[in-house]
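Asker: Just to be clear, the model below is a prediction. Sequence and coordinates:
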Amino acid sequence: MQWPTWKSCARRGRNSLPANAKSPELVAIIDANITIAATFNDEKFYSLAVDLLIELGNAGARFIAPPLWESETSSIIRMRTETKKTTTLDAEQKAYEFLDSLPIEIVCSSQTKQRARDLALQLGLDRAYDSTYLALALEEDAQFWTAAERFYNLVSPLYSSVKLLKNWKRGDPFTALTP
């Protein structure tokens, strides 16, 4: 399996993700599903996820995530190795290295935790994972990018900042800075 790096993405004809490009105008929250899709080339939306991250990065996005992103991504990788047997131990280590190289800032606040609980209750969710990302997006006035179609269908009529990976097309205006 060939592992993506921002440099290898550039070699494949894509622009590399600027490691320190931050813009207060564009804040993007990327959920665990999208980052895992960009990590493993056998994932259904691998190319789309890599392209989205690169385009957001080139637009100067500041990437943020709630603390649960770290345990979610690690758990998914462990599951691929131990349960699904689709990832070797060597590949698991390389996946962690890739995730650790992503310029994602972990943002934690007690307001986010409470708002996530309130949103989960309001939306009738049996878990608060997705509502935690949504709460952070609302607090930070950020775009929330997800690959979870069911969650997207539930919340997108209420929150226009929620974006679905499979609906994204290269060059869409919502990955660009607003004037």
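Answerer: Now that the structure is in, tell me what you want to look at.
Asker: got any ranges where this structure has weak pLDDT?
Answerer: Scanning the chain with the threshold set as pLDDT under 70 gives 1-24, 173, 175-179.
Asker: one more time with 50, if that's ok
Answerer: 1-23, 178-179 (pLDDT under 50).
Asker: what distance separates stretch 30-37 from the centre of its chain?
Answerer: Centroid separation between stretch 30-37 and its chain, computed with C-alpha atoms, centre = their mean, to the nearest Å, is 4 Å.
Asker: which residues are in contact with that stretch?
Answerer: Defining contact as C-beta atoms under 8 Å, 6 or more residues apart in numbering, one finds that stretch 30-37 is touched by 43-46, 48-49, 52-53, 63, 65, 69, 72-73, 76-77, 99, 102, 104, 130, 133, 144-148, 165. For the C-beta atoms, the positions are set from N, CA and C on the backbone; glycine is no exception.
Asker: Among those residues, which ones are in helices?
Answerer: Members of the contacts of stretch 30-37 lying in helices (criterion: DSSP state H): 46, 48-49, 52-53, 69, 72-73, 76-77, 99, 130, 133.
Asker: Out of these, grab the one that's most surrounded.
Answerer: The residue in the ones in helices among the contacts of stretch 30-37 with the most neighbours, by other C-beta atoms under 10 Å, is Tyr133 (30 neighbours).
Asker: what sits against it?
Answerer: Contacts were defined as C-beta under 8 Å, 6+ apart; by that measure Tyr133 touches 29, 31, 65-66, 69, 144, 146.
Asker: JSON lines please, covering the ones in helices among the contacts of stretch 30-37 and showing distance to Thr87.
Answerer: Formatted as JSON lines, the ones in helices among the contacts of stretch 30-37 follow (distance: C-beta to C-beta, whole Å):
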{"residue": "Tyr46", "distance to Thr87": "14"}
{"residue": "Leu48", "distance to Thr87": "20"}
{"residue": "Ala49", "distance to Thr87": "17"}
{"residue": "Leu52", "distance to Thr87": "22"}
{"residue": "Leu53", "distance to Thr87": "20"}
{"residue": "Trp69", "distance to Thr87": "19"}
{"residue": "Glu72", "distance to Thr87": "16"}
{"residue": "Thr73", "distance to Thr87": "13"}
{"residue": "Ile76", "distance to Thr87": "10"}
{"residue": "Ile77", "distance to Thr87": "7"}
{"residue": "Leu99", "distance to Thr87": "13"}
{"residue": "Asp130", "distance to Thr87": "24"}
{"residue": "Tyr133", "distance to Thr87": "24"}
